[in-house]
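Asks: I'd like to go over a predicted model; first the sequence, then the structure.
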Amino acid sequence: MQYKTQQGFPSTLVVENWIGGSPAPAAGESFASRNPADRDDVVTIAPASTGQEVQGACEQAQQIKRSWARVPAPGRAKVIARLAQLLRSHKEALARFVTREMGKPIREARGSVQEAIDTAEFFSSEGRRLYGQTVPSELPDKELFTYRRPIGVVGVITAGNFPVAVPSWKIIPALLCGNVVVWKPSDDTPGVAALFADLWRRAGLPDGVLSVVHGGGADSAGEYLVRQVDAGLVDKVSFTGSTAVGRMIGGVCGRNLQTPSLELGGKNPLVILADADIELAVDGALWAAFGTAGQRCTSAGNIIVDRRVMPTVREQLATRARALRIGDPMDEDVDYGPFINQRFLEHWLAQRAVGVEDGAALLLDGKRITPKDQVAGFCGKADRGYYATPRIFEHVRMSMQVAQQECFGPTVNLVQVEGLEEAITAANATPYGLSSAVYTRDAKAMLRFKEEIGAGMTSVNNSTTGAEAHLPFGGNGWSGNGTRESGIWVLDAYTRWQAVNVDLAGKLQKAQIDLSDDADPEAADWAALTGA
Ligand code: NAD
């Protein structure tokens with residue numbers, strides 16, 4: 001694949017699976033990804049991999065895993081450093097392709113490629129650390145050490161909303177730690193995946209260390225990859241996607257006594273307390289609720305507002321949401337673009353009835369944008385894109401389904417509370433626990449919120465979205481199984497600790513047994529007392 005100019009991609013990218021370092025022609029059918037801003041634009045045609053092809057990729061990965069693990073970590077990291085350079089020099093081209101294939105605004109797409117660059121830069125230096133420990137032994141002439149060892153073949157399955165950043169969070173540390181990867185990217189973004197894999201090839205990754213198998217999820221490539229856990233060909237699964245699929249993967253891995261990395265859905269609370277800077281809070285709420293058209297795992301689902309400031313928040317949020325610029329995601333000034341796919345659009349359409357049946361009121365009645373039903377300032381192709389205006393429910397109670405279920409679209413709920421205690425209770429009242437935010441000027445309220453919120457991530461006076469490459473990312477409850485991506489914390493997900501003891505005594509030494517406990521002065525008295 002050649003990168004000529006930023007517009008230098010063929011109008012339709014035809015990709016193959018990439019196995020063992022070469023394109024692998026597939027026997028089965030193919031599928032197309034279409035530009036969600038213009039469904040006539042076929043972005044990529046990719047193979048719908050068969051079970052045999054996925055199994056073949058895993059068998060090949062098993063064969064190569066020892067040779068990659070033998071490359072010293074600083075050597076593995078050099079490939080990652082070259083990847084960082086390549087990502088940087090192709091940032092604009094890749095960002096434009098991300099926007100074309102999955103529809104996030106170009107400014108956000110650039111940010112998501114930057115996140116992959118940051119991740120690659122962080123881990124290129126981690127190759128010179130990947131520290132273990134030296135530990136004192138209780139016995140003489142004996143040394144104890146710990147080492148991080150790779151797990152083996154990692155099956156990576158990712159969602160399409162962050163098609164470069166999220167795969168980079170997984171693939172980069174997994175490879176740095178000496179694992180090999182078989183990646184099943186989202187069927188929404190096979191072209192982005194092929195370009196990302198091509199950058200790895202150009203960075204000098206040895207053949208077969210990363211393979212890519214394309215296809216859908218249920219009863220196709222994703223499921224075939226998960227089956228390889230039972231077959232003994234995948235040693236670890238790293239998954240980002242919905243809670244339902246994550247639960248299924250957790251079951252398969254659990255019965256094989258494996259620990260998967262599961263990064264799942266969210267219904268994230270953003271709390272606005274009575275003393276908050278309201279303008280700042282509404283800025284954060286708009287970005288958290290409607291950025292990427294609400295299609296982020298960290299999107300705000302419930303805006304929890306103190307009664308005393310609810311009228312102001314309600315008024316400002318509705319006014320500013322009405323004024324959001326929706327349309328062509330290549331436009332530098334749009335606030336949000338289309339739904340990534342028809343499935344997300346339909347789910348969002350159906351959510352309206354859920355809220356209304358619950359008894360919630362529509363402060364803004366978001367609608368699909370069609371040629372006949374457009375809004376002021378809209379700048380997309382209404383007949384060919386999956387666009388919608390913002391939906392805001394008010395008078396929402398946390399017991400309602402609409403407050404509990406993730407929607408993944410431009411919609412948010414207003415929930416009224418009285419004071420910090422009630423706000424924290426409401427914020428913790430969903431089964432999810434991914435991200436959260438609180439807006440307040442009161443240092444003690446910040447402290448309480450940080451201590452008592454159940455989410456894996458929390459922001460003070462900033463929105464629920466916005467990860468950084470060197471901070472742990474992940475959730476609790478239905479949002480994940482407690483593993484974390486990013487920073488040094490992710491190393492635990494892709495390595496196993498090995499404990500090593502080296503005995504130089506020249507005779508058999510037995511820990512615990514060879515050591516006498518005579519030093520305890522109480523022991524003698526105790527013997528006398530008990531007559532022992
Ligand atoms: P999804 O679970 O349907 O799909 C995610 C990936 O899993 C895709 O590659 C898909 O093909 C594959 N898949 C689907 N069914 C499968 C199966 N039965 N077996 C194996 N693989 C299967 O998710 P989605 O609806 O496409 O994406 C949106 C979800 O992802 C939301 O819930 C969102 O919150 C979540 N997400 C989470 C994070 C995070 O880091 N926590 C990040 C992005 C998205």
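Replies: Arrived safely, thanks for sending.

Asks: residues touching the closest residue to K65 other than its chain neighbours, list them.
Replies: Nearest non-adjacent residue to K65, counting by Cβ to Cβ, 6 or more residues apart in numbering: V180, 4.9 Å away. C-beta: built from backbone N, CA, C; applies to glycine. Contact analysis of V180 by Cβ atoms under 8 Å, 6 or more residues apart in numbering lists A61, I64, K65, W68, G152, V153, V154, G208, V209, L210, S211.

Asks: Now for the last one, how many residues are close by?
Replies: S211 is flanked by 26 other residues according to other Cβ atoms under 10 Å.

Asks: Could you do the first one as well?
Replies: Neighbour count of A61, defined by other Cβ under 10 Å: 28.

Asks: Quick check on the nearest residue to V14 once chain neighbours are set aside: phi, psi?
Replies: Setting aside the residues directly before and after it, V14 is nearest to I45 in space (Cβ to Cβ, 6+ apart), at 4.9 Å. Backbone geometry at I45, expressed as degrees, to the nearest 10, gives phi -120, psi 130.

Asks: now swap in E16 and tell me
Replies: According to degrees, to the nearest 10, E16 has phi -120, psi 170.

Asks: That one reaches S30, doesn't it?
Replies: No: the criterion here is Cβ atoms under 8 Å, and E16 misses it with S30 at 9.5 Å.

Asks: Return every residue with contacts to both of these two.
Replies: Shared contacts of E16 and S30, defined by Cβ under 8 Å, 6+ apart, comprise A46, P47.

Asks: Report pLDDT for T530.
Replies: For T530, the pLDDT comes out at 71.

Asks: got any ranges where the stretch 151-300 of the chain has weak pLDDT?
Replies: Applying pLDDT under 70 to the stretch 151-300 of the chain flags no residue at all.

Asks: can you tell me the average pLDDT over stretch 379-390?
Replies: When pLDDT is averaged along stretch 379-390, the result is 97.

Asks: oh sorry, the question was meant for stretch 53-71
Replies: Mean predicted confidence for stretch 53-71 is 98.

Asks: again with stretch 445-457
Replies: Mean predicted confidence for stretch 445-457 is 98.

Asks: Please export the C-alpha coordinates of that stretch as PDB.
Replies: The C-alpha coordinates for stretch 445-457 follow below in PDB (Å, rounded to 0.1, in the frame of the first residue of the first chain):
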ATOM      1  CA  ALA A 445     -16.900  18.200  47.400                       C
ATOM      2  CA  MET A 446     -14.200  17.200  44.900                       C
ATOM      3  CA  LEU A 447     -12.500  15.000  47.400                       C
ATOM      4  CA  ARG A 448     -15.800  13.300  48.400                       C
ATOM      5  CA  PHE A 449     -16.700  12.700  44.800                       C
ATOM      6  CA  LYS A 450     -13.300  11.200  43.900                       C
ATOM      7  CA  GLU A 451     -13.500   8.900  46.900                       C
ATOM      8  CA  GLU A 452     -17.000   7.700  46.500                       C
ATOM      9  CA  ILE A 453     -17.700   7.500  42.800                       C
ATOM     10  CA  GLY A 454     -17.600   3.900  41.600                       C
ATOM     11  CA  ALA A 455     -16.200   4.700  38.100                       C
ATOM     12  CA  GLY A 456     -12.700   3.700  37.000                       C
ATOM     13  CA  MET A 457     -12.100   7.300  35.800                       C
END
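
Asks: Could I get the buried residue list for it?
Replies: Of all the residues in stretch 445-457, those buried under the rule 16 or more other Cβ atoms under 10 Å are A445, M446, R448, F449, I453, G454, A455, G456, M457.

Asks: show me the contacts for the residue nearest to V14.
Replies: So I45 contacts T12, L13, V14, V15, S30, F31, A32 (Cβ under 8 Å, 6+ apart).

Asks: So the fourth one sits against V192, correct?
Replies: Translated: V15. No: using Cβ under 8 Å, V15 is not in contact with V192, being 10.2 Å away.

Asks: which of those two has more neighbours?
Replies: V192 (29 against 22).

Asks: Over to the more buried one: give its phi and psi.
Replies: According to degrees, to the nearest 10, V192 has phi -60, psi -40.

Asks: List the contacts of Q258.
Replies: By Cβ under 8 Å, 6+ apart, the contact set of Q258 is V229, D235, K236, V237.

Asks: cool, L515 as well?
Replies: Applying Cβ under 8 Å, 6+ apart, we find L515 in contact with E138, L139.

Asks: If the residue nearest to V14 is in a bridge, with which residues?
Replies: Here I45 sits in beta bridges with V14, A32, going by DSSP bridges.

Asks: one step back: quick one: which of the contacts of V180 is nearest to A95?
Replies: Minimum distance to A95 across the contacts of V180 is 21.5 Å, recorded for L210 (Cβ to Cβ).

Asks: how much space between the closest residue to that closest one other than its chain neighbours and K507?
Replies: Spatially, and ignoring its direct neighbours in sequence, L210 is nearest to V181 (5.0 Å; Cβ to Cβ, 6+ apart). V181 sits 45 Å away from K507, going by Cβ to Cβ, to the nearest Å.

Asks: who has more neighbours, these two?
Replies: Counted by other Cβ under 10 Å, V181 and K507 do not tie: V181 has more neighbours, with 25 against 7.

Asks: what secondary structure does that one sit in?
Replies: The three-state label given to V181 by DSSP: H, G, I helix; E, B strand; the rest coil is strand.

Asks: Is any residue of stretch 333-344 near the ligand?
Replies: No: if you take Cβ under 6 Å from any ligand atom as the test, stretch 333-344 misses the ligand, and the best it gets is 7.0 Å.

Asks: Let me know whether G241 touches L264 as I believe.
Replies: Yes: if you go by Cβ under 8 Å, G241 and L264 touch, sitting 7.0 Å apart.

Asks: Neighbour count: those two, which is higher?
Replies: When G241 and L264 are compared for neighbours, L264 comes out ahead with 27 against 22, by other Cβ under 10 Å.

Asks: dump the residue contacts of G132.
Replies: Residues near G132 by Cβ under 8 Å, 6+ apart: F145, T146, Y147, R148.

Asks: go again using 10 Å as the cut-off
Replies: F145, T146, Y147, R148, R149, T495, W497, Q498, A499, V500 (Cβ atoms under 10 Å, 6 or more residues apart in numbering).

Asks: and stretch 463-477, how far apart are its ends?
Replies: Start-to-end span of stretch 463-477 (Cα to Cα, to the nearest Å) is 21 Å.

Asks: host element of H470?
Replies: Under DSSP states H and E, no helix or strand contains H470.

Asks: And the pLDDT for the residue lying closest to it once chain neighbours are set aside?
Replies: The spatially closest residue to H470, leaving aside those adjacent along the chain, is G487, at 4.6 Å (Cβ to Cβ, 6+ apart). On pLDDT, G487 comes in at 95.

Asks: separation between G301 and the ligand?
Replies: As defined by Cβ to the nearest ligand atom, to the nearest Å, G301 lies at a distance of 10 Å from the ligand.

Asks: For the stretch 251-400 of the chain, which segments count as strands?
Replies: Secondary structure of the stretch 251-400 of the chain by DSSP state E, counting those that start in this stretch: the strands cover 261-263, 268-272, 300-306, 361-364, 391-394.

Asks: would CSV of these with mean neighbour count and distance to P410 be doable?
Replies: Shown next, in CSV, are these (neighbours: other Cβ atoms under 10 Å; distance: least, Cβ to Cβ, whole Å):
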stretch, mean neighbour count, distance to P410
strand 261-263, 27, 22
strand 268-272, 30, 15
strand 300-306, 28, 11
strand 361-364, 16, 10
strand 391-394, 26, 6
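
Asks: Quick one, which of those strands gets closest to G385.
Replies: It's strand 391-394; of those, that one is closest to G385 (Cβ to Cβ) at 17.6 Å.

Asks: List the neighbouring strands of that closest one plus their orientation.
Replies: By DSSP bridges, strand 391-394 pairs with strand 361-364 (antiparallel), strand 411-417 (parallel).

Asks: Need the mean per-residue confidence for the shortest one.
Replies: This points to strand 361-364. Strand 361-364 comes out at a mean pLDDT of 98.

Asks: which residue packs closest to R320, ignoring adjacent ones?
Replies: L286 is the one closest to R320 (Cβ to Cβ, 6+ apart), at 5.7 Å.
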